[in-house]
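Engineer: my questions are about this predicted structure, shown below with the sequence.
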Amino acid sequence: MNAVTAQLPALQVVIPLLGAIIAAFLRRGTLAWAWAALITALTPVIAFAQLHQVWTNDTISYRMGGWPPPIGIEYRVDLLNAFVLLLVSLVSTIMMPYARRSVAHEIDGDKQAWFYCMYLLGLAGLLGITITGDAFNAFVFLEISSLSTYVMIAMGRDRRALVASYQYLIIGTIGATLYVIGVGLLYLVTGSLNFADIGTRLAEASAAYPRPVLAGLAFLFVGISLKLALFPLHVWLPNAYAYAPSFATAFLAATATKVAIYLLLRIVFSVYGVAIDLNTLPVSTVLYPLSIAAMFIASILAVYETNLKRMLAYSSVAQIGYITLGIALMNQAGLTGSVVHLFNHALIKGALFLALGAIVYRAGTIKLDDLGGIGRTMPLTFAAFVFAGMSLMGVPGTAGFISKYYLIVGALDAGLWPIAFLIVASSLIALVYIGRAVEVAYFRPIASAPANAKDPPLMMLVPILVLTFASIYFGIDTELSAGVASRVAETLLGGLK
Amino acid sequence: MGGFENFFAHYNYVATIVLMVAGLYIVIARGNMIKKLIGLMLFQTSVYLLYIAPGKIIGGTPPILDANFTIYSNPLPHVLILTAIVVGVATIALGLAIVSRIHEAYGTIEEDEIIARDDQE
């Protein structure tokens, strides 16, 4: 047994990576789905074992191929990435039962196996970015997850999915290339690619070569910001989410941007933060205005959007603004809010996008104007949408409230009461766009598209309800979310110079 | 060191920057989707140079452990860039595949025409 537990960090990535190849050979869609579900279900088990180990003992350092770091690639699991690993793998596992019918409905039979192959590759890439302690290895996994994402988006039914995928490919590749330029600059001044090792060498390197170190931060920052859709680098996101197959949208919305945020945290706190006083770097100066702009501008764009998927996509950009705002605050409560919102937002947006996928499955449209009365013909699905939507707004008693509570406390601790006010004000805009959907769904006469719709089959309904329940539940019991997040924030801030 | 000498001492970086900016310019300024991909390739290629050039030491040998050779070039950048080239090839291949599908679906690969056709619907 010990031989297996020692290999857990490698298995976390290797299982979905090899699973993807086998999925491609299973020609039948249902068979490929069953395989992908089995593989996905293994990942949270591994992630949970690692989180347990990190929580009770200490950081796990795994030497890939037996080469000691910093020469070899190190897989390093600390509390932060154990938490993100669990989040990504768990949300994917909850969503998998949903995939079968939704994918069969939206993707032709002979292409379904390829879709699951791409999904598993994407999952392997995301878990790989999260677990690796090597900057260049992270780039390779970033591209593995991105390339499979482009394919998944291009598999959408609408021909605009192709254009959305192409635009994301261009922007995503620029982002990844900027990231690798940043890594290159750091490698040139420190001679190392291991995140922790760069951190220990950076103080000296920064004294000798201040400009490349600063330029490296700029490249890394902009590159990752393109991936996490930080306003105004979010332009690829609305179309990509809107035209991708429903399951792909839910999977990406819940996991992909979160992993990019993790990478930003890693670079800012574990690489730069341990070597250089972060207050001397322009991280917060850049993040404050962009986060606040995202919170307001993206939310307002969501209000004017009539395609529900695009509406939620803009809402995602706004929510990412909250997460980066917490990073900008750089204090205990703010950072806790940031990490806990990473978790909560994954659950909330997962539930919302799955509910929309169910509406596509039954009613065939997500144009708000065609969906009059959908709340009465699909009661459970839309009830889930409403509850997850309340959590998105941050109604007290929901998970979203916990995130915003910590962010507001963080803003007040930093002595920035106007920001606390802006957090509340922008949350009210979410009330407008969710409220608009509620008004159409419950108070309008039943339109033709939803007239014959009913709640989706159980295999689709249960994941929606589980995620919705989770996005309420973590507003009441916050031990796993805020408890871990607060310890993560403590370790990140404790390591700072 | 004067600015002029500094320029020539770091000419590999100058070449890198020129390629990088030229590539990025093509991606932004061109509406033709194939040309955009060409710009993207140029942009990625500049990074290969950024990594490879500093790994070479003048008078250095390949990294062979031998008492006669004391100065050797750093092999790591080559290995990294080999990986990056594979990633770049995969990206461009996928990009071209998507463009050919776009051509089937729209009958054009000009970005503004595609936007116009979508707006008509």
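Structural biologist: Looks like it arrived, so ask away. Numbering: from 1, shown residues only, chains lettered A, B, ... in the order given.
Engineer: when you work out contacts or count neighbours from here on, use the C-alpha atoms and nothing else.
Structural biologist: Fine.
Engineer: wait, doesn't A:Tyr62 sit right on A:Gly72?
Structural biologist: No - A:Tyr62 lies out of contact with A:Gly72 (Cα atoms under 8 Å); the separation is 10.1 Å.
Engineer: quick one: which of the two has more around it?
Structural biologist: Applying other Cα atoms under 10 Å in any protein chain shown to A:Tyr62 and A:Gly72 shows that A:Tyr62 carries more neighbours, namely 23 against 15.
Engineer: which elements pack onto the helix or strand the more buried one falls within?
Structural biologist: Using DSSP states H and E, A:Tyr62 falls within strand A:60-63. For strand A:60-63, the elements it packs on are strand A:74-77, judged by 3 or more Cα pairs under 8 Å, 6 or more residues apart in numbering or on different chains; DSSP states H and E.
Engineer: C-terminal to the strand it packs on, what's the next element?
Structural biologist: helix A:79-106.
Engineer: helices or strands up against the helix or strand that comes right after that next one?
Structural biologist: Heading C-terminal from helix A:79-106, the first helix or strand you meet, by DSSP H and E, is helix A:112-131. Using 3+ Cα pairs under 8 Å, 6+ apart, the elements in contact with helix A:112-131 are helix A:8-25, helix A:29-56, strand A:74-77, helix A:79-106, helix A:135-154, helix A:246-265.
Engineer: how far off centre is helix A:112-131?
Structural biologist: Distance of helix A:112-131 from its chain centroid, counting by Cα atoms, centre = their mean, to the nearest Å, is 14 Å.
Engineer: so which of the helices and strands packed on helix A:112-131 gets nearest A:Asp277?
Structural biologist: helix A:246-265 (15.1 Å; Cα to Cα).
Engineer: what segments of chain B are helices?
Structural biologist: Ranges of helices in chain B, per DSSP state H, are B:3-9, B:11-29, B:33-55, B:76-106, B:111-120.
Engineer: deepest-packed of these, please.
Structural biologist: Across the helices of chain B, the average number of neighbours (mean count of other Cα atoms under 10 Å in any protein chain shown) peaks for helix B:33-55, which reaches a mean of 21.
Engineer: packing partners of it?
Structural biologist: On a contact count with 3+ Cα pairs under 8 Å, 6+ apart, helix B:33-55 meets helix A:160-190, helix B:11-29, helix B:76-106.
Engineer: tabulate those (CSV), appending distance to B:Val47 and mean pLDDT.
Structural biologist: CSV is the format used below for those (distance: least, Cα to Cα, whole Å; pLDDT from 0 to 100):
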stretch, distance to B:Val47, mean pLDDT
helix A:160-190, 6, 93
helix B:11-29, 7, 91
helix B:76-106, 9, 93
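Engineer: nearest to A:Leu126 among those helices would be which one?
Structural biologist: The minimum distance between A:Leu126 and these falls on helix A:160-190, with 13.8 Å, by Cα to Cα.
Engineer: what comes into contact with the following helix or strand past that closest one?
Structural biologist: Remark: after helix A:160-190, the chain's next helix or strand is helix A:195-208, criterion DSSP H and E. Residues outside helix A:195-208 that contact it (Cα atoms under 8 Å, 6 or more residues apart in numbering or on different chains) are A:70, A:133-135, A:186, A:189-192, A:213, A:267, A:270-276.
Engineer: quick one: average confidence on the strand holding A:Tyr62?
Structural biologist: For strand A:60-63, mean pLDDT rounds to 88.
Engineer: please apply the same query to stretch A:25-33.
Structural biologist: The model assigns stretch A:25-33 a mean pLDDT of 88.
Engineer: and it, end to end?
Structural biologist: Start-to-end span of stretch A:25-33 (Cα to Cα, to the nearest Å) is 12 Å.
Engineer: do the same with stretch A:295-313
Structural biologist: For stretch A:295-313, the separation between the terminal residues is 13 Å (Cα to Cα).
Engineer: quick one: buried residues of it?
Structural biologist: Burial within stretch A:295-313, assessed by neighbour count using 16 or more other Cα atoms under 10 Å in any protein chain shown, is assigned to A:295-300, A:302-303, A:305-313.
Engineer: does it reach chain B?
Structural biologist: No - against chain B, stretch A:295-313 shows no contacts by Cα under 8 Å from any Cα of the partner chain, the least distance being 14.8 Å.
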